[in-house]
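Student: below are the sequence and a predicted model for it; my questions follow.
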There are 2 protein chains.
Amino acid sequence: MADSPEPSPSDPNEQIMRATYRALREHGYADLTMKRIAEEYGKSTAAIHYHYDTKDELLAAFLDYLLDRFRETVHEVETTDPEHRLELLLDKLLVEPEDHRDLLIAMLEMRSQAPYKDTFSERFQQNDEYVRYMLTTVIDHGITEDVFTDINAEHVSRALMTIVDGARTREVVLDDPDALATARRTADEYVTAVLLGDE
Amino acid sequence: MADSPEPSPSDPNEQIMRATYRALREHGYADLTMKRIAEEYGKSTAAIHYHYDTKDELLAAFLDYLLDRFRETVHEVETTDPEHRLELLLDKLLVEPEDHRDLLIAMLEMRSQAPYKDTFSERFQQNDEYVRYMLTTVIDHGITEDVFTDINAEHVSRALMTIVDGARTREVVLDDPDALATARRTADEYVTAVLLGDE
């Protein structure tokens, strides 16, 4: 999802986002309150309400924050070699630090509320579109360069994101510490078969 | 997960399970109450409490009920030809009637609560083990019969379940009506590559 926030934030919004991050990891989504976020923030709830009217509004901003952070880590992928670039993107999506299980748990709770909350639903769709766009672009590039088989890049991106979302769900629901590693291997096998297959 | 329950139940437990099913689909997990289940049941909440002390106890029984129903549908797969049998199992897992979105939504809410509720967590793990056992068995059978490539059947089962769980999550979170169809195609491509690949 995103790397662990580092210390020494300066602007209040960044501080609130980090406080939300810590509160979500500690209490989960269902037990999250403005009061608990304020405790992590080290200020009053009024200080948070000054920026955000409701908890859902704050959480929508938090999802934007995570998406921004994810975009930053993706921009660190500097190679333009299609095969290598696709590998690194899949690493970003499927190789996460171990201590992110708490965040994955809170994220799945929020995901499960998407059908009831448009502000969440919009963010998850936007995030998915962004990542699929990144994947589709590198696959199309590889097809143009003749290193990948000429196949429907949009479908392959959806297939890879299905594997990614399956892994995230399984790590949380089944408490399976190998879920991401299994998915990484599956994604490799899939990519080798459909994009590098010698037909 | 399971087929839509048919009318004319006889024993009270079956009636309560069907009432739970309808209440879950109508209200979702977060807004589910014993009162709402009782309304669907057509009796008092006391009549339900006679069988189940708490809502979580009732929902644990409901997960068992769904698992039983799923096992029944799997037993309908009568062919022993490995390739055909694997296809039919994947159909059971990934081709569901359209009107099951409401149930998928409620199921994802319950899945997201697995880290907090052992009674849920146990059922989801048990369900996953059962389905993986079915998949591993047919894959191993195909390997013995020399129709499948000799590969780690346990890994392939986990890979396929990652695709299944990804599809269920994506259908709910992204409101993607094609999520299951995309996953069905992905599973086919994966099976063709790793089990039927000519290496």
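Tutor: In hand now; what should we look at? Numbers count the residues shown, from 1 in each chain, chains lettered A, B, ... in the order given.
Student: pLDDT weak spots in chain A?
Tutor: Within chain A, the segments meeting pLDDT under 70 span A:1-9, A:96-99, A:198-199.
Student: buried stuff in stretch A:125-143?
Tutor: Residues of stretch A:125-143 classed as buried: A:127-128, A:131-132, A:134-136, A:138-143 (neighbour count, 16 or more other Cβ atoms under 10 Å in any protein chain shown). C-beta: built from backbone N, CA, C; applies to glycine.
Student: sitting in helices, which of those residues do you find?
Tutor: By the criterion of DSSP state H, membership of the buried residues of stretch A:125-143 in helices covers A:127-128, A:131-132, A:134-136, A:138-143.
Student: reformat these as CSV; add distance to chain B.
Tutor: Converted to CSV, those look like this (distance: Cβ to the nearest Cβ, whole Å):
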residue, distance to chain B
A:Asn127, 10
A:Asp128, 6
A:Val131, 12
A:Arg132, 10
A:Met134, 16
A:Leu135, 14
A:Thr136, 14
A:Val138, 18
A:Ile139, 14
A:Asp140, 18
A:His141, 21
A:Gly142, 17
A:Ile143, 16
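Student: okay, these in JSON lines with distance to B:Arg101 next?
Tutor: Shown next, in JSON lines, are these (distance: Cβ to Cβ, whole Å):
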{"residue": "A:Asn127", "distance to B:Arg101": "21"}
{"residue": "A:Asp128", "distance to B:Arg101": "18"}
{"residue": "A:Val131", "distance to B:Arg101": "23"}
{"residue": "A:Arg132", "distance to B:Arg101": "21"}
{"residue": "A:Met134", "distance to B:Arg101": "28"}
{"residue": "A:Leu135", "distance to B:Arg101": "26"}
{"residue": "A:Thr136", "distance to B:Arg101": "26"}
{"residue": "A:Val138", "distance to B:Arg101": "32"}
{"residue": "A:Ile139", "distance to B:Arg101": "29"}
{"residue": "A:Asp140", "distance to B:Arg101": "32"}
{"residue": "A:His141", "distance to B:Arg101": "35"}
{"residue": "A:Gly142", "distance to B:Arg101": "35"}
{"residue": "A:Ile143", "distance to B:Arg101": "34"}
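Student: any idea which of the residues you listed is closest to A:Arg158?
Tutor: Closest approach to A:Arg158 among those (Cβ to Cβ): A:Arg132, at 6.7 Å.
Student: so who does that closest one touch?
Tutor: Going by Cβ atoms under 8 Å, 6 or more residues apart in numbering or on different chains, A:Arg132 touches A:154, A:157-158, A:161.
Student: from the residues you listed, which would you call buried?
Tutor: Applying 16+ other Cβ under 10 Å to the contacts of A:Arg132 flags A:157-158, A:161 as buried.
Student: wait, A:Leu135 touches A:Ala159, no?
Tutor: No. Under the criterion of Cβ atoms under 8 Å, A:Leu135 makes no contact with A:Ala159, lying 9.6 Å away.
Student: now the strands for chain A?
Tutor: Using DSSP state E, chain A contains no strands.
Student: show me where it has helices.
Tutor: Secondary structure of chain A (DSSP H): helices located at A:12-27, A:34-41, A:45-49, A:55-75, A:82-94, A:101-112, A:118-144, A:153-173, A:179-194.
Student: just the residues contacting the fifth one, thanks.
Tutor: Read that as helix A:82-94. Residues outside helix A:82-94 that contact it (Cβ under 8 Å, 6+ apart): A:70, A:73-74, A:77, A:79, A:131, A:134-135, A:138-139, A:141-142, A:145, A:147-148, A:160, A:164, A:167, A:180, A:183-184, A:187-188, A:191, A:195-196.
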